[in-house]
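In: Make a model of this:
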Amino acid sequence: MRIWQKIYFVTLLLFLVMLNAGLFFAARFLFSYNLAQEKKKAETDCYFICQNLERDFSILEHNGRYRENVVELLVENYQTYYKKQNLMISLEKTGENEAPVLRSKVSGGGKRAEIYVEQNLGSPYQAYRIFYQKRLLDFEEVWRMLKGMFAAVSLVMSVLLCLILYVFMRQMLKPLGRLNEGVARIAAGEYGKTNACRNQSFWTRDEISELSENVNKMSETIQLQIETLKDENHKKQQLMDNMAHELKTPLTSIYGYAQYLRYAKATEEERCEGLMYIMEESGRLARMSETMLTMRLYEKEERKLEKVSLQVVAARLQKILAGKLQEKNLTIRMEFEEETVFAEETLLISLFRNLLENAIRASNAGDEIVFRSFCENDKQVFEVIDYGIGMEEEELERITEAFYRVDKARSRKDGGVGLGLSIVDLIVKRLGGAMTFTSAPGKGTKATVILQLPNKDVKSL
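Out: Numbering: from 1, shown residues only. Below you'll find the model as predicted:
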């Protein structure tokens, strides 16, 4: 059974029980109230009859006609008169002088209602007792009409309630059905916004709409996480493929030269050449392993930001890159608007060393490389600009991927392993910054790194 059906039947049952109970108690109250009024009226009538009889008996006694047969005739006249009003009265002589106490009772539960009243006459006629009996024919008719009216009201109200409650219940719980369908789609693997909440207003804003929105958010979050996991999985697979490819070439060369040196009758010069190649390829493998370990360390270590002097960083970079700059007859022009940067010195040197080494590889002999820094709003912008070979647009989107090389032959010749910009991207993220590249074939490349300006009140950690 659907939840709307359960709510519908339970609500309908409770309402009908309460409605009929209310009508029943209202009818009983009206019945009891009217009956009490009739009882008071009967007691009043009986009292006046007693008063009239006492007065008549007194007149008869005064005229000397107070005898049994005359009393009976008088009572018969009373009975005839009151019979026309559906009243039955009788007079009995008890033989005892009792006080004129009024007693009354009501019989019947609605089908046949009667009132009985008895009272002794006053002194000196206490030996007589009047009996008064009245059948409430009008009251019975009114009671039957009242019960019929209540039954009709109950029936009409029940039918109307069934229809109105059904319409409102279906309308109000319709979002729950859509929510159920959306959750079923999620269970089937369809993520994203599976059940949109429409017409959100003061009247339609309830727990179901909030639950629907939360399910939408949950579904979108799951979809985003799945896409992220797919992307990460794709990157990991691509990393493994690239790593396998990068390892295959040096390992194949090392194994081939080792076999050649073992089995071939090589000259001393050939042996030296083979050993040198093996050492070069082994060195590349060692550098690759060291670089990957460095990347893992950067991912795990906590950030320890401090004020770093850009002049100190520039001096270290000039010393590290001096040999490569001299080899290609290159110069670096450094321009710094700020004296310090809020970062980690080791990471900062590694960051710009990789960017400058890439610029050196891409530059032609005799070119100038620009390394500058300036402030923009509350950010510190660093730019490394070369005027070398440049890159295509599609290459810019992949240059931070591990083992990706724009020019594989030249990178291997220069000793690169294709992880430099991957390290740069990791460092920039670790420093809480952002990095972009702009380039064009034959016009050079500009790498832009944006970091937060150091707070003047921050002290070195």
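In: buried ones in stretch 331-345?
Out: 332, 334, 336, 340-344 (16 or more other CB atoms under 10 Å). (C-beta placed from N, C-alpha, C; glycine too.)
In: Stretch 158-176 too?
Out: Neighbour-count burial for stretch 158-176 flags 165, 169, 173, 175 (criterion: 16+ other CB under 10 Å).
In: my guess is the last one contacts residue 212, does it?
Out: Yes - the pair formed by residue 175 and residue 212 meets the contact definition of CB atoms under 8 Å, at 6.1 Å.
In: tell me the centre residue of this structure?
Out: Centroid-nearest residue in the chain: residue 214, 3.1 Å away (criterion: CA atoms, centre = their mean).
In: Would it be right to say that that residue lies in a helix?
Out: Yes - with DSSP: H, G, I helix; E, B strand; the rest coil as the criterion, residue 214 is located in a helix.
In: List the residues that contact the closest residue to residue 362 other than its chain neighbours.
Out: Distances taken as CB to CB, 6 or more residues apart in numbering place residue 388 nearest to residue 362, at 3.5 Å, with adjacent residues excluded. Residue 388 is in contact with 359, 361-364, 367, 444-445, counting by CB atoms under 8 Å, 6 or more residues apart in numbering.
In: Relative to residue 144, which of those residues is nearest.
Out: residue 445 (103.0 Å; CB to CB).
In: Now do the same contact list for residue 128.
Out: Here residue 128 is in contact with 53, 57, 91-94, 120-121 (CB under 8 Å, 6+ apart).
In: List buried residues within the residues you listed.
Out: The buried subset of these - by 16+ other CB under 10 Å - is 53, 57, 91, 120-121.
In: Inside strands: which ones of those?
Out: The strands, defined by DSSP state E, take in 91, 120 from the buried ones among the contacts of residue 128.
In: From the buried ones among the contacts of residue 128, pick the one nearest residue 355.
Out: residue 120 (126.1 Å).
In: Now do the closest one against residue 66, distance only.
Out: Shown here: residue 120 relative to residue 66, a distance of 18 Å by CB to CB, to the nearest Å.
In: Can you give me the buried ones in stretch 124-131?
Out: Residues of stretch 124-131 classed as buried by neighbour count (16+ other CB under 10 Å): 125, 128-130.
In: Among those, which ones are in strands?
Out: Reading strands off those with DSSP E, I get 128-130.
In: Take the residues you listed and write them to TSV, including pLDDT and distance to residue 349.
Out: Shown next, in TSV, are those (pLDDT from 0 to 100; distance: CB to CB, whole Å):
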residue	pLDDT	distance to residue 349
128	85	132
129	86	127
130	87	126
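In: Of these, just say which sits nearest to residue 141.
Out: Proximity of those to residue 141 (CB to CB) peaks at residue 130, which lies at 27.7 Å.
In: ok, back up a step: with distance to residue 183 as added columns, please give the buried residues of stretch 124-131 in CSV.
Out: Below are the buried residues of stretch 124-131 laid out as CSV (distance: CB to CB, whole Å):
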residue, distance to residue 183
125, 91
128, 88
129, 83
130, 82
